[in-house]
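Novice: Got a sequence here, can you model it:
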Amino acid sequence: MNKGLAFVVSAPSGAGKGTVLAEVLAEVPGLTLSVSHTTRAPRPGEVDGISYHFCTRGQFQTLVRHGDFLEWAEVHGNMYGTSRLSVEKLLAEGLDVILEIDVQGAEQVLRRMNPPPVTIFLIPPSLAEMERRLRARATEAENVLALRLVNAAAEMRTMSDYEYLVVNDRLDEAVRQVVAIIYAERAKKRRLLSGAPAPLWGV
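Specialist: Numbering: from 1, shown residues only. Okay, here's the model as predicted:
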């Protein structure tokens, strides 16, 4: 069985990453999302084990000490990490895996994964639109929102480090572009759009 491909998708807060990826995952066969661990509190509608693996700071730090994370970072006062074994298991099963992580995590993954993942950076059409989206969520205090905006500006300066850049102005167009990237990378590896290995007649 061919090993799956890993895709790192990063974005500043308010870029609409979660919404875009939900649509992409529904459209692309053989694609799954790596479920991260986090110490932050669940938001309305989030489900433990599906949205995130929610844990205490103490539990998270134990996993860090044991080397269980492929990457981890503290972002806006909360800790996030990606399980190494979980990702390796999904890839070994031939599934393509999306790692929805921030720029700090992406740097760690690029150092530790071989072959390296495909990297995609998603941005909002403008900083003003990003702020509007964050305020519309109404999930954070003003000081946390201000910190997210400052960090977002810094994160957007790293976009040139990524292989692909997608502007999320219209949801359907952003989804179409991310889907096209995944199919293009599958074709590079001589795989069908479904993710299955391509038959090599006469080879």
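Novice: where do the strands sit along the protein?
Specialist: Assigned strands in the chain, in chain order: 6-10, 31-33, 37-38, 53-54, 69-75, 78-83, 96-100, 118-123, 164-167 (criterion: DSSP state E).
Novice: for these, which one sits closest to residue 19?
Specialist: strand 118-123 (10.2 Å; C-beta to C-beta). C-betas here are computed from N, CA, C, even on glycine.
Novice: which residues are in contact with that closest one?
Specialist: 5-12, 15-17, 20, 106, 110, 156, 158-159, 161-168, 174, 178, 181, 185 (C-beta atoms under 8 Å, 6 or more residues apart in numbering).
Novice: So what are the sheet partners of that strand and their directions?
Specialist: Strands that pair with strand 118-123, judged by DSSP bridges, come out as strand 6-10 (parallel), strand 164-167 (parallel).
Novice: Make TSV out of these and add distance to residue 48, mean neighbour count and mean pLDDT.
Specialist: Below are the strands paired with strand 118-123 laid out as TSV (distance: least, C-beta to C-beta, whole Å; neighbours: other C-beta atoms under 10 Å; pLDDT from 0 to 100):
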stretch	distance to residue 48	mean neighbour count	mean pLDDT
strand 6-10	22	25	97
strand 164-167	29	17	96
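Novice: nearest to residue 96, of the ones you listed?
Specialist: Nearest to residue 96, of the strands paired with strand 118-123 and by C-beta to C-beta, is strand 6-10 at 6.7 Å.
Novice: residues contacting the residue nearest to residue 51 when sequence neighbours are not counted?
Specialist: Among residues not flanking residue 51 along the chain, residue 42 sits closest, at 7.0 Å (C-beta to C-beta, 6 or more residues apart in numbering). Residue 42 makes contact with 48, 51, 52, 54, according to C-beta under 8 Å, 6+ apart.
Novice: Make a PyMOL selection of the buried ones in these.
Specialist: Those of the contacts of residue 42 that count as buried under 16 or more other C-beta atoms under 10 Å are selected in PyMOL with:
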select buried, resi 51+52+54
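Novice: In the contacts of residue 42, find the pair that's most separated.
Specialist: Applying C-beta to C-beta across the contacts of residue 42, the maximum distance is between 51 and 54, 8.3 Å.
Novice: what helices or strands is the least confident helix or strand in the chain by mean pLDDT leaning on?
Specialist: Lowest on mean pLDDT, DSSP states H and E among the helices and strands of the chain sits helix 127-137, with a mean of 75. Other elements packing on helix 127-137 under the criterion 3 or more C-beta pairs under 8 Å, 6 or more residues apart in numbering; DSSP states H and E are helix 142-156.
Novice: Name the residues of the helix it packs on that are buried.
Specialist: 145, 147, 148, 149, 151, 152, 155, 156.
Novice: ok, the one residue sitting closest to the centre of the chain - contacts?
Specialist: With distances taken as C-alpha atoms, centre = their mean, residue 100 lies nearest the centre of the chain, 1.3 Å away. Residue 100 is in contact with 9, 17, 18, 21, 33, 34, 36, counting by C-beta under 8 Å, 6+ apart.
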